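Peer 1: Build me a model from this:
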Amino acid sequence: MKNEILRRIKQESATVTPESLPSFYTAMSAELASARDTFFSHPMVLRCREDVLPFLNDEFGHGIEHSKKVAIEASALVLGEAKALGFDAARRLALMAMLSGLLHDTCRLEGEHASRGAELSLMILRDYPLTDDEKQMIASAVRCHEAFSPPMDFGHDRTQLLADALYDADKFRWGPDNFMTTLWEICNYQEWTLEQILDKFPAGLEMVAAVQNTFRTPAGKIYGPEFIELGLNMGRKIYLIIQTFCQKNDCSGRLIP
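Peer 2: Numbering: from 1, shown residues only. Just a heads-up that it's a prediction; the model follows:
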């Protein structure tokens with residue numbers, strides 16, 4: 001019965017869509033197109049996509065689709081911010097951002113998942129054709145991607161951009177993606193009742209709102225808050241759908257006489 005109720009609520013909530021496409025996708029369309037091409041063609045990325053699969057958990061909302069989006073958008077952010085480095089250096093750093101995105105949630109269900117993910121990243125990348133410094137830069141980015149973690153000052157411009165781009169691309173997912181997919185996957189995984197979901201929703205919305213001012217790259221600070229606001233608007237509508245259902249039924253699905 002609980003799964004049937006959640007399915008009905010999810011089905012109704014699927015009618016709630018973003019009011020508009022985040023402007024990031026038009027403003028940085030060239031960088032995104034380049035990043036997508038790399039994602040589907042670069043040998044190191046193709047290898048990493050296979051290597052991370054055993055460690056990703058699709059049922060918890062942080063699986064391959066999540067990692068793919070973070071990888072592509074972190075890479076695009078780097079391409080947009082690193083032009084002063086020159087073409088080859090910017091492309092190399094963007095490739096590292098893509099690998100960081102694929103690797104960042106490999107330990108998502110573990111305590112201290114960002115630190116554990118950084119350690120696992122070094123193991124996975126052990127014999128990749130990267131320098132030791134590049135591997136350490138990727139691990140540093142993974143270690144610092146967790147929401148609300150204090151921003152690190154690396155004293156190294158490329159590591160800083162890599163880490164900040166990974167953080168921002170991951171937090172873009174707190175916008176519409178959060179309410180279209182992640183919310184429901186986590187609810188299913190945790191086996192929450194509708195009553196529990198209803199109880200947790202206001203605090204969840206507050207947490208999403210709080211991430212709005214934590215974006216780190218110049219582009220993230222421009223486009224990130226829009227992602228979050230679009231997601232919050234969706235979340236408020238979904239919360240109303242759940243409230244309305246629970247006014248007519250109890251949260252276990254039995255009709256109120």
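
Peer 1: can you map out the helices along this structure?
Peer 2: Assigned helices in the chain, in chain order: 2-13, 24-27, 29-41, 43-52, 64-81, 87-103, 113-124, 132-143, 157-172, 176-177, 183-190, 194-210, 218-248 (criterion: DSSP state H).

Peer 1: a markdown table for those helices, including mean pLDDT?
Peer 2: Putting the helices of the chain into a markdown table (pLDDT from 0 to 100) gives the following:
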| stretch | mean pLDDT |
| --- | --- |
| helix 2-13 | 74 |
| helix 24-27 | 98 |
| helix 29-41 | 98 |
| helix 43-52 | 98 |
| helix 64-81 | 96 |
| helix 87-103 | 97 |
| helix 113-124 | 94 |
| helix 132-143 | 97 |
| helix 157-172 | 97 |
| helix 176-177 | 91 |
| helix 183-190 | 76 |
| helix 194-210 | 90 |
| helix 218-248 | 93 |
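
Peer 1: Turn those helices into JSON lines, including distance to D58.
Peer 2: Every residue, glycine included, has its C-beta placed from N, CA and C. Formatted as JSON lines, the helices of the chain follow (distance: least, CB to CB, whole Å):
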{"stretch": "helix 2-13", "distance to D58": "16"}
{"stretch": "helix 24-27", "distance to D58": "24"}
{"stretch": "helix 29-41", "distance to D58": "18"}
{"stretch": "helix 43-52", "distance to D58": "12"}
{"stretch": "helix 64-81", "distance to D58": "7"}
{"stretch": "helix 87-103", "distance to D58": "14"}
{"stretch": "helix 113-124", "distance to D58": "16"}
{"stretch": "helix 132-143", "distance to D58": "19"}
{"stretch": "helix 157-172", "distance to D58": "16"}
{"stretch": "helix 176-177", "distance to D58": "14"}
{"stretch": "helix 183-190", "distance to D58": "7"}
{"stretch": "helix 194-210", "distance to D58": "20"}
{"stretch": "helix 218-248", "distance to D58": "20"}
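
Peer 1: got the buried residues for stretch 223-236?
Peer 2: 223-235 (16 or more other CB atoms under 10 Å).

Peer 1: what two of the residues you listed are the furthest from one another?
Peer 2: Y223 and G235 (18.9 Å; CB to CB).

Peer 1: Can you get me a residue count around S34?
Peer 2: 17 (other CB atoms under 10 Å).

Peer 1: Leaving out the residues flanking it, which one is nearest to it?
Peer 2: Leaving aside its sequence neighbours, S34 sits nearest to L79 (CB to CB, 6 or more residues apart in numbering; 6.1 Å).
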